[in-house]
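Student: Sequence first, predicted model second:
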Amino acid sequence: MYSRLLLVFALASGTALAQATSLPAQQESVQSLIDRIQQLEKRISELEDHQRKQDAAATANLQTVTEGQESQDNATSAPALHSEHAASSTAIREAEMHYPSLQIRGFGDVDFSATNQKGSVSGFNLGQFVLHLASPLSKKVGYFGELSFTARPTGYDLQVERTIIRYDYNDYFKVSFGKYHTPLGYWNAAFHHGAWLQTTISRPQMVQFGGTFIPVHFVGLQAEGNLPSGGLGLGYSVGLGNGRSSILSRAGDSGDINDNRAWVASVFARPTRFYGLQLGGSVYGDKLTPQPGNNFSELITAADVVWTKERPEFLSEFANVHHRDLRTSQIFNSQAFYIQLAYRLPWLENKWKPYYRFEYIHRPLNEPVWDVSGVSSVEDLVGSTVGVRYDITNYAAFKGEYRSQRTGVDEPRVNGAFFQTAFTF
């Protein structure tokens with residue numbers, strides 16, 4: 001555009017020179033034209049420099065919008081962008097989103113224990129080494145995985161604890177497929193593998209990893225989201241999938257052992273007026289086949305009341321496990337609950353957090369489901385745990401606790417001291 005202007009101006013200047021009659025007049029006209037051309041070249045240079053700055057500013061604006069904001073209003077915050085910039089915005093946005101984008105976080109702990117339980121060995125041991133894997137696949141689709149490595153006398157046991165792909169339609173409906181921690185009660189859905197995540201060293205016995213009182217894992221599909229409820233903060237979760245395997249502590253990763261799907265549903269309230277408070281209820285149904293030919297229906301109901309603020313922290317949960325022998329119609333009910341109280345002390349840089357937990361399990365003596373090959377997998381339990389957590393940094397903590405509990409009707413009380421260094425990275 002600018003070169004055409006110069007050409008037209010030069011032609012006009014040539015015509016003017018041809019018409020001039022005197023040499024001084026011609027020289028004066030030429031000098032005037034040269035000065036004018038120089039001014040025009042300077043002006044063109046300034047315009048081109050200004051255009052380059054506009055282009056750079058527009059590109060930077062698009063990159064900022066792509067990285068930090070998803071709002072369409074912000075994406076058009078440069079109203080003077082030219083059409084070619086608008087056309088290239090999609091390509092820039094796709095280049096900046098980086099799908100998939102894998103993020104890895106790890107957890108570990110080192111433990112020491114000493115108890116008076118017969119047959120136990122005191123000393124150090126490595127706890128679980130856990131990896132959390134997360135990767136967005138698009139704006140609404142994401143993946144999450146959890147792997148655990150547990151030290152055993154013969155080596156390390158590798159387990160896929162969770163593997164989930166989820167589609168977030170909106171805040172009210174999110175659907176996912178994979179292997180979960182069963183959303184039954186509070187603890188099992190809130191505290192996953194990685195001892196650093198929880199206040200205490202140990203989990204309550206009713207939700208113990210490797211335990212059988214409730215199904216810790218669940219394989220299938222799940223829908224979850226919020227419910228329109230204003231300040232009540234209602235939410236829900238429903239799932240359908242494989243039930244327990246013949247080993248009741250394991251989920252049906254490779255398929256269900258009987259032609260019956262397990263289901264789970266929960267609802268909770270988190271009132272905005274009482275930040276940190278949660279009231280929840282859940283129910284789980286399944287058909288169990290612990291041994292060939294022995295079939296039981298299972299219905300678990302649970303309720304929880306928690307206050308997740310650390311001054312204080314209050315966790316409580318109750319569950320009833322209802323079994324019915326499908327052959328004899330005999331009914332068996334087992335109950336369990338725990339109450340845990342903790343308080344982060346306001347002095348000494350808020351690093352100290354003492355805690356106490358009481359827990360209880362009752363099972364009928366003639367309950368056949370808990371007895372697998374003559375070994376009782378769930379026993380009566382009455383126990384107390386008192387301890388303290390000291391946060392060394394924001395990513396590492398030292399814990400010490402004393403436990404006193406009795407398992408079984410005629411068994412002696414077991415006392416022990418336990419220490420742990422837990423960390424995340």
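Tutor: Cool, the structure landed. Keep in mind that this is a model prediction, so the values were computed, not measured.
Student: any idea how far residue 277 is from residue 269?
Tutor: Relative to residue 277, residue 269 is positioned 8 Å away (criterion: Cβ to Cβ, to the nearest Å). For the C-beta atoms, the positions are set from N, CA and C on the backbone; glycine is no exception.
Student: what do you get for residue 134?
Tutor: Using Cβ to Cβ, which is the criterion applied here, residue 134 is 28 Å from residue 277.
Student: Then residue 103?
Tutor: To residue 277, residue 103 is 31 Å away according to Cβ to Cβ.
Student: Neighbour count: those two, which is higher?
Tutor: Neighbours of residue 103 and residue 277, each counted by other Cβ atoms under 10 Å, are more numerous for residue 277; the result is 17 against 11.
Student: if I read this right, that one contacts residue 314, doesn't it?
Tutor: No - the criterion here is Cβ atoms under 8 Å, and residue 277 misses it with residue 314 at 9.2 Å.
Student: Find residues that contact each of these two.
Tutor: When contacts are counted by Cβ atoms under 8 Å, 6 or more residues apart in numbering, residue 277 and residue 314 have 306, 307 as shared neighbours.
Student: Now residue 411: closest residue in space that isn't a chain neighbour?
Tutor: Among residues not flanking residue 411 along the chain, residue 379 sits closest, at 8.0 Å (Cβ to Cβ, 6 or more residues apart in numbering).
Student: contacting residues around the one you found?
Tutor: Each residue near residue 379 by Cβ under 8 Å, 6+ apart is listed here: 361, 363, 407, 408, 411.
Student: host element of the last one?
Tutor: With the criterion set as DSSP states H and E, no secondary-structure element contains residue 411; it sits in neither a helix nor a strand.
Student: So for the helix or strand encompassing residue 265, what gets flagged as buried?
Tutor: Assigned by DSSP H and E, residue 265 falls within strand 262-269. The neighbour-count check on strand 262-269 (16 or more other Cβ atoms under 10 Å) flags 262, 263, 264, 265, 266, 268, 269 as buried.
Student: Strands of the stretch 201-350 of the chain, start to end?
Tutor: 217-226, 234-242, 262-269, 277-291, 294-307, 313-325, 331-342 (DSSP state E, counting those that start in this stretch).
Student: Make CSV out of those and add distance to residue 396 and mean pLDDT.
Tutor: What follows is the strands of the stretch 201-350 of the chain, written out as CSV (distance: least, Cβ to Cβ, whole Å; pLDDT from 0 to 100):
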stretch, distance to residue 396, mean pLDDT
strand 217-226, 28, 97
strand 234-242, 32, 97
strand 262-269, 31, 98
strand 277-291, 27, 95
strand 294-307, 25, 96
strand 313-325, 19, 97
strand 331-342, 18, 98
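Student: how about these in CSV, adding distance to residue 154?
Tutor: What follows is the strands of the stretch 201-350 of the chain, written out as CSV (distance: least, Cβ to Cβ, whole Å):
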stretch, distance to residue 154
strand 217-226, 23
strand 234-242, 28
strand 262-269, 32
strand 277-291, 26
strand 294-307, 31
strand 313-325, 32
strand 331-342, 32
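Student: I'd like to know how far the nearest residue to residue 126 once chain neighbours are set aside sits from residue 157.
Tutor: Closest residue in space to residue 126, ignoring its immediate chain neighbours: residue 151 at 4.5 Å, by Cβ to Cβ, 6+ apart. From residue 151 over to residue 157 the distance is 8 Å, taken as Cβ to Cβ.
Student: Pick out whichever of the two has more residues nearby.
Tutor: Here residue 151 and residue 157 are compared on neighbour count by other Cβ under 10 Å; more neighbours surround residue 151, at 14 against 11.
Student: does that one really touch residue 110, like I thought?
Tutor: No - checked against Cβ under 8 Å, the pair residue 151 and residue 110 is beyond contact range at 10.4 Å.
Student: anything in contact with each of these two?
Tutor: Between them, residue 151 and residue 110 share the neighbouring residues 125, 126, 127, with contact defined by Cβ under 8 Å, 6+ apart.
Student: what about burial for those residues, which qualify?
Tutor: Judged by neighbour count, with 16+ other Cβ under 10 Å as the criterion, the buried members of those are residue 127.
Student: Inside strands: which ones of the shared contacts of residue 151 and residue 110?
Tutor: Cross-referencing those with the strands (criterion: DSSP state E) gives 125, 126 as the overlap.
Student: Having no further points to raise, I will conclude here.
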